[in-house]
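Novice: Fold the following for me, if possible:
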Amino acid sequence: MNIFKKQFHRTTAVAAIFVLLLCVGVIAGCTKTDTNNINTEFTAEELLADYDKLWEMLEEDYIYFPILESRRVNIEALRESTRQRLIDRVTDFDSFYYLLNDMFYRMEYFAHLSIVTPEQLDVYREYYTEGSGWQKTFQNPQTEAIYEYLKSKSDKSFTDTNADTNGYREVEASYDAQRKAVTFVITSFDSAVLERDKDFIINYLSTLGDAEIDHIIFDISGNAGGNDLYWQNNIVAPFGGIYEWTNYLYLRDTELTRSCFFSDFVPKPISEIKDHQLPDFVQELGLTHFIKNNNRLAGVGDDAILGDNALSEKRWVIIDARVYSSADSFSAFCKATGWATLVGQTTLGDGQGTSPVMISLPNTGLLVRFSALAAETPNGTLNAVTGTDPDIPVASSVSSRDTVNELIDKDIH
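Specialist: Predicted coordinates:
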């Protein structure tokens with residue numbers, strides 16, 4: 001998925017997040033279950049009702065409106081103008097879809113706020129376990145029907161044009177004999193290329209034979225993320241090891257977050273936070289609970305797959321202001337554990353929380369997702385806003401690759 005993130009199984013101490021919403025009539029996260037009412041054509045009144053319900057749910061559960069207002073997005077004006085556009089111009093589902101997508105665009109798709117595409121839904125179906133609340137949300141007949149309709153449309157604006165492996169660049173690899181350095185350029189962590197790239201690093205390093213390797217560089221500049229399993233399994237796992245780190249997450253106590261997070265994470269009221277300074281954004285966003293998230297990257301094993309020539313190296317990760325979601329998650333992991341040195345510009349962020357929550361609109365069954373947790377960076381700021389800082393900052397006008405090479409050259413000499 002284009003910016004799809006995070007844990008889908010217990011590769012950390014935190015399980016995949018499941019949305020479990022009790023359906024009584026029409027409430028947030030629930031859709032029609034009466035198969036006689038399944039349809040893909042809707043009245044103007046039904047579309048307007050979905051629009052109003054969407055905003056009702058966002059007001060309750062989307063915590064980032066104050067951030068958007070600070071970025072000069074007039075939320076109330078946008079809500080009213082979009083609603084009027086719907087009344088004046090929208091007569092079918094296709095137009096409704098485009099209208100919502102345009103509205104989320106004007107909201108900067110901030111913190112993963114977006115319509116779930118058919119390709120993203122396929123990934124949810126693959127990774128969320130049988131009987132979970134997430135699965136119940138997207139398995140209802142109306143949602144199934146509307147997403148089959150979206151898949152059937154020849155208009156590719158409904159779908160992710162990069163959904164297959166042909167839409168993503170191959171991983172690029174090179175070896176600099178003078179510097180004894182290997183460089184991997186990885187432009188996406190999308191689920192579509194998770195299997196394609198599974199053994200790329202292992203296979204490339206094996207082709208180098210006994211060549212000396214003192215440095216390995218992972219260039220993820222421009223990487224908008226995808227799936228945490230990509231970097232956990234394809235990048236970190238071959239080098240072996242078990243890694244542990246802690247971060248703080250904050251949330252608002254609502255019906256949706258209670259059903260999503262409280263059973264797995266057991267959040268505590270912020271009044272109970274001990275030996276940790278509460279960040280300013282908690283009050284600004286109206287957050288009520290916190291999670292001290294003790295992460296453990298397990299499942300990669302204690303034994304490295306790679307030979308000794310690739311294990312004594314210094315690792316570098318090149319980042320920039322376009323690095324987002326699970327690519328930001330990888331950056332944050334490197335910074336927290338020291339797995340690699342980050343070089344470049346501060347990332348775009350929103351990778352230190354969990355998978356976005358997902359709600360469905362009652363009439364159409366269309367799914368909308370957004371981040372419901374606020375992750376704190378090591379310096380006490382909001383990850384969705386400030387991203388992950390590099391260990392070695394590089395001005396945007398300077399090549400981060402050149403900077404790494406200069407640092408290697410100094411080390412050599």
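
Novice: those strands in the stretch 251-400 of the chain, which residues are they?
Specialist: 268-269, 289-297, 314-319, 341-344, 357-360, 367-370, 374-375, 392-393 (DSSP state E, counting those that start in this stretch).

Novice: Which of the ones you listed has the lowest mean pLDDT?
Specialist: Among these, strand 357-360 has the lowest mean pLDDT, at a mean of 89.

Novice: Using JSON lines, lay out the strands of the stretch 251-400 of the chain together with mean neighbour count and distance to L407.
Specialist: In short, each C-beta sits where N, CA and C put it, glycine included. Output for the strands of the stretch 251-400 of the chain, formatted as JSON lines (neighbours: other CB atoms under 10 Å; distance: least, CB to CB, whole Å):
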{"stretch": "strand 268-269", "mean neighbour count": "12", "distance to L407": "43"}
{"stretch": "strand 289-297", "mean neighbour count": "19", "distance to L407": "27"}
{"stretch": "strand 314-319", "mean neighbour count": "24", "distance to L407": "8"}
{"stretch": "strand 341-344", "mean neighbour count": "24", "distance to L407": "8"}
{"stretch": "strand 357-360", "mean neighbour count": "27", "distance to L407": "41"}
{"stretch": "strand 367-370", "mean neighbour count": "22", "distance to L407": "39"}
{"stretch": "strand 374-375", "mean neighbour count": "26", "distance to L407": "29"}
{"stretch": "strand 392-393", "mean neighbour count": "14", "distance to L407": "7"}
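
Novice: For T43, which of those is the nearest?
Specialist: Within these, the stretch nearest T43 is strand 357-360; the backing value is 18.5 Å (CB to CB).

Novice: coming back round to it: so which of the strands of the stretch 251-400 of the chain is nearest I115?
Specialist: strand 367-370 (5.9 Å).

Novice: quick one: average pLDDT of the longest helix anywhere in the chain?
Specialist: Using DSSP state H to define each element, the chain has its longest helix at helix 44-61. Across helix 44-61, the average pLDDT comes to 97.

Novice: now for that helix, which elements pack on it?
Specialist: If you count contacts as 3 or more CB pairs under 8 Å, 6 or more residues apart in numbering; DSSP states H and E, helix 44-61 packs onto helix 75-89, helix 93-106, helix 255-265, strand 357-360, strand 367-370.

Novice: Those: which one's closest to K156?
Specialist: Nearest to K156, of the helices and strands packed on helix 44-61 and by CB to CB, is helix 93-106 at 12.9 Å.

Novice: by how many degrees do the closest one and helix 44-61 diverge?
Specialist: Here the directions of helix 93-106 and helix 44-61 differ by 30 degrees (axes from the mean of the first three to the mean of the last three CA atoms, to 10 degrees).

Novice: Can you name the next helix or strand after helix 93-106?
Specialist: strand 114-115 (DSSP states H and E).

Novice: Can you give me the buried ones in the next helix-or-strand element following that following strand?
Specialist: Moving toward the C-terminus from strand 114-115, the next helix or strand (DSSP H and E) is helix 118-127. Using 16 or more other CB atoms under 10 Å as the test for burial, helix 118-127 gives P118, E119, Q120, L121, D122, V123, Y124, Y127.

Novice: of the strands of the stretch 251-400 of the chain, which approaches P238 most closely?
Specialist: strand 314-319 (11.8 Å).

Novice: Low-confidence bits of the stretch 51-200 of the chain, can you list those?
Specialist: Residue ranges of the stretch 51-200 of the chain with pLDDT under 70: 128-136, 154-155, 161-165.

Novice: Against L367, how distant is the closest residue to Y324 other than its chain neighbours?
Specialist: Spatial nearest neighbour of Y324, excluding adjacent residues (CB to CB, 6 or more residues apart in numbering): L348 at 4.2 Å. According to CB to CB, to the nearest Å, L348 and L367 sit 23 Å apart.

Novice: Report how many residues lie close to L68.
Specialist: 19 (other CB atoms under 10 Å).

Novice: Correct me if wrong, but it is in a strand.
Specialist: No - applying DSSP: H, G, I helix; E, B strand; the rest coil, one finds L68 to be helix, outside a strand.
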